[in-house]
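Chemist: Build me a structure from this.
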Amino acid sequence: SDIYSLGVIAYEMIAGRRPFIGKGFEIAIQHIFEAPLPPSHFNPELPKMVDEAILSALNKDPKDRPSSAREFAASFGAYLNEQKRKRASVSRIVFVATIIVLVLGVSAIVNNWYWFENNWQSVKVVFGWVEQNKSYRSYSKLKLVWPSSGKEVVLATSNPVKASMLTIQQFIARFSSDGSLVAIYQQPVQTPFNQQSNLRNQESQSQKVELWNTFENKKIHQINLEKFDPICDLRFSQDSKLLAISGLNEVRIIDISNSSQLYSLTTLENNDYIRFLSSKENLLVVASVRRPQVKVGVSITYPIEKQSSVVSLWHLSKNQKPTEIVNQYGKIEFIETIPSENGFLGLIQWHISKKEPKRRIELWGLTDKASLKNQWDVIGDGGAAITADGSKIALHLSPSRIVEFSPSSGEEIKEYSYSLNPKLKTAYLFYDKDNNLVIATPERLENLTQGKLIYKPPSNSFFVDFTPATEALLVESVITEVNK
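Modeler: The predicted model follows:
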């Protein structure tokens, strides 16, 4: 296990990200069953020998890993020898590398990330990956963007960290239905060593959510949640008067007018996604992924491709779960809800298999008795959107095919051919206020209906949210700088 841990450290040092990324048990399952991408996938300049050295330490079978830290370090020494570096003899570099790796291993065991964070740049200098006396830091800026005018306002800036540590979105942020408000939560930065300790520590700390007025570009409230787990999701009610905030096991409902807590739901679930149905009826949809349980030294309870998820309808004032809409195998990846003539419609995407078709998108009628109205198999990473009036559904059925359907008849309305950059797995679909279909990727925001480019974000950016009401965007940009 120590050699495997060193392999994880080396992977992140060289690739700039961890070998596996996910929530909770997702990461544990990936470590047990899935092979990581080679570091050269993220750093194309790396030679094959470095890939082999790191991946050997990450073998699932301990017998296939290097037998010692010295042997692991020697594999890097072989690479240095091949490159004929003249900085020192190979034996000395191997010795230095061995000492560094051993110290890093001890650092990992005692969970002392601070030493590693302050000194890992020196390791990169020894191996010749960066120049002497240079260190880098990264931070995120959450921006409110109006593409039509080109106006941008920075709403929040995350705390700077070492450049390689910022590998995931740092903000959860949501627009209200009318686009007048934004709720913002900054997620804690996770590292291989502080992930679990951060979660434990934050359970007894307060979580902070900021409320911004987008029309006046100013913060109007700060919501402090005492003894609350790290936040999973934020959602406004349809009338923008309430804000639902979900964490592990609990959902709290906040009155926007005075930031006071109205209700607290004890769900005993992960609460990955939450959606209001109606403020007047005090109904909330809660979707949770039930991830596999892992027992040390024993196989998992069930395979990853058969994770189960549950979607429930909750009465806020009664703290009751009156209706379990669906409980089935698969991992929910998103859920959207809109009003309809006979109640509400729910659009749910499931990750159901490692083999194609990997995903399924379902359309549900959400009333006292939930009913499945339609479903579609999806090749690739999927994506879907539904208009506010429920007249059209757009489905990303394959990497190059997007189709619009009528929810009432199930008939195809229009098909779009769209070539998504294979390196960009993230693509989101939206409808604007005129029911034009919009697609967002890290490279561009485009109106597919009109064939028009709306916005081209800066490099290293994420689309966080979009509001049809004002057609404004929330964009998170990662900035990397050289420390002076």
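Chemist: hey, where'd the helices end up in this protein?
Modeler: 2-15, 25-33, 48-57, 69-82, 90-109, 113-126, 195-203 (DSSP state H).
Chemist: starting at the chain centroid, how far to stretch 3-16?
Modeler: On the basis of C-alpha atoms, centre = their mean, to the nearest Å, stretch 3-16 sits 21 Å off its chain's mean C-alpha point.
Chemist: Show me what counts as buried in it.
Modeler: Using 16 or more other C-beta atoms under 10 Å as the test for burial, stretch 3-16 gives 3, 5-16. The way it works is simple: take the backbone N, C-alpha and C, and place the C-beta from them, glycine included.
Chemist: Format those as TSV; extra columns: pLDDT and distance to residue 336.
Modeler: Below are the buried residues of stretch 3-16 laid out as TSV (pLDDT from 0 to 100; distance: C-beta to C-beta, whole Å):
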residue	pLDDT	distance to residue 336
3	79	45
5	80	40
6	80	43
7	83	40
8	84	36
9	82	39
10	82	41
11	83	36
12	80	34
13	77	39
14	78	39
15	77	34
16	75	33
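Chemist: Closest one of those residues to residue 267?
Modeler: Residue 267 lies nearest to residue 8 out of these, by C-beta to C-beta, at 32.7 Å.
Chemist: Quick check: the closest one vs residue 465, distance?
Modeler: Taking C-beta to C-beta, to the nearest Å as the measure, residue 8 falls 32 Å from residue 465.
Chemist: got it, and residue 47?
Modeler: Separation of residue 47 from residue 465 (C-beta to C-beta): 41 Å.
Chemist: Those two: which is more packed in?
Modeler: Each of residue 47 and residue 465 has its neighbours counted (other C-beta atoms under 10 Å); residue 465 has more, 19 against 12.
Chemist: how close does that one get to residue 351?
Modeler: Residue 465 sits at a distance of 22 Å from residue 351 (criterion: C-beta to C-beta).
Chemist: now residue 432
Modeler: 28 Å.
Chemist: How is this protein divided into domains?
Modeler: Domain ranges of the chain: 2-126, 136-482, per automatic domain parsing.
Chemist: rewinding a little: mind putting the buried residues of stretch 3-16 in JSON lines, distance to residue 52 included?
Modeler: Converted to JSON lines, the buried residues of stretch 3-16 look like this (distance: C-beta to C-beta, whole Å):
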{"residue": "3", "distance to residue 52": "15"}
{"residue": "5", "distance to residue 52": "19"}
{"residue": "6", "distance to residue 52": "15"}
{"residue": "7", "distance to residue 52": "12"}
{"residue": "8", "distance to residue 52": "16"}
{"residue": "9", "distance to residue 52": "17"}
{"residue": "10", "distance to residue 52": "12"}
{"residue": "11", "distance to residue 52": "13"}
{"residue": "12", "distance to residue 52": "17"}
{"residue": "13", "distance to residue 52": "16"}
{"residue": "14", "distance to residue 52": "13"}
{"residue": "15", "distance to residue 52": "14"}
{"residue": "16", "distance to residue 52": "19"}
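Chemist: out of these, who's nearest residue 441?
Modeler: Closest to residue 441, out of all of the buried residues of stretch 3-16 and judged by C-beta to C-beta, is residue 16, at 20.7 Å.
Chemist: Confirm for me that that closest one is in contact with residue 43.
Modeler: Yes: the pair residue 16 / residue 43 is scored as a contact, 6.8 Å apart, by C-beta atoms under 8 Å.
Chemist: How about the contacts made by residue 427?
Modeler: 381, 383, 396, 420, 439-441 (C-beta atoms under 8 Å, 6 or more residues apart in numbering).
Chemist: ok, those vs residue 319, which is closest?
Modeler: Using C-beta to C-beta, the shortest approach to residue 319 within the contacts of residue 427 belongs to residue 383, at 34.0 Å.
Chemist: For this protein, which element, helix or strand, carries the lowest mean pLDDT?
Modeler: Counting by mean pLDDT, DSSP states H and E, the weakest-scoring helix or strand in the chain turns out to be helix 195-203, with a mean of 42.
Chemist: In stretch 375-394, which residues are buried?
Modeler: So, applying 16+ other C-beta under 10 Å, buried residues of stretch 375-394: 376, 378, 380-387, 390, 392-394.
Chemist: Grab the nearest non-local neighbour of residue 333.
Modeler: What sits nearest to residue 333 in space, not counting adjacent residues and going by C-beta to C-beta, 6 or more residues apart in numbering, is residue 349, at 4.7 Å.
Chemist: From residue 16, how far out is that neighbour?
Modeler: 29 Å.
Chemist: that older thread, which members of the buried residues of stretch 375-394 are positioned in strands?
Modeler: 376, 378, 384-386, 393-394 (DSSP state E).
Chemist: for those, which one is nearest residue 59?
Modeler: The closest of those, once distances to residue 59 are taken by C-beta to C-beta, is residue 378, at 32.6 Å.
Chemist: wait, doesn't residue 140 sit right on residue 161?
Modeler: No: taking contacts as C-beta under 8 Å, residue 140 lies outside contact range of residue 161: 9.7 Å.
Chemist: Those two: who's more crowded?
Modeler: The neighbour comparison of residue 140 against residue 161 (other C-beta under 10 Å) goes to residue 140, with 26 against 16.
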